[in-house]
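In: Okay, sequence plus prediction incoming.
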Amino acid sequence: KVVFTDRYVNEQTFDALKLSIEKNALAWNIGEEEIGRRTAIAGHTWGEEIEILLKAVAASETNDADGSENENAQHVDLLIASDCIYNP
């Protein structure tokens, strides 16, 4: 699952993220239901608690395809930061 984040300023930021996801999904022939399964959008400011991000990842990973409990829930494989300057 891909979790798209940005610092919460206003809803327009997240509307733009959603539009970008939808346009890219359309280009790859990914349907709306699959978008919902594969992606999440969350407000996050770098340096703050990551609990909401872990919940967004876990929401799709709690069960394996066979319905059994997934040991890797809340596991993150890759982190990409873009246009990100962290100045604590």
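Out: Sure, I can see it.

In: can you pull the contacts of Ala56?
Out: 1, 3, 40, 42 (C-beta atoms under 8 Å, 6 or more residues apart in numbering). In this view, the C-beta of every residue, glycine as well, is placed from N, C-alpha and C.

In: From the rest of the structure, what touches the host helix or strand of Gly36?
Out: In this assignment (DSSP states H and E), Gly36 forms part of helix 32-38. Contacts to helix 32-38, defined as C-beta under 8 Å, 6+ apart, come from residues 1-2, 21-22, 25, 30, 60.

In: For the helix or strand Leu17 falls within, name the packing helices and strands.
Out: Assigning secondary structure by DSSP H and E places Leu17 in helix 11-27. Helix 11-27 is packed against strand 2-6, helix 32-38, strand 39-43, with contacts defined by 3 or more C-beta pairs under 8 Å, 6 or more residues apart in numbering; DSSP states H and E.

In: got the contact list for the first one?
Out: When you say that, I think you mean strand 2-6. 13-14, 17, 21, 38-44, 53, 56-57.

In: Please apply the same query to the last one.
Out: Taking contacts as C-beta under 8 Å, 6+ apart, the residues outside strand 39-43 that touch it are 1-8, 14, 17-18, 21, 52-53, 56-57, 59-60.

In: One more: stretch 14-24?
Out: Contacts of stretch 14-24 (C-beta under 8 Å, 6+ apart): 4, 6, 8, 32, 35, 39, 41, 43.

In: among those, which ones are buried?
Out: Among the contacts of stretch 14-24, those classed as buried by 16 or more other C-beta atoms under 10 Å are 6, 35, 39, 41.

In: Return the member of those residues nearest to Leu78.
Out: Nearest to Leu78 among the buried ones among the contacts of stretch 14-24: Thr39, at 14.4 Å, using C-beta to C-beta.
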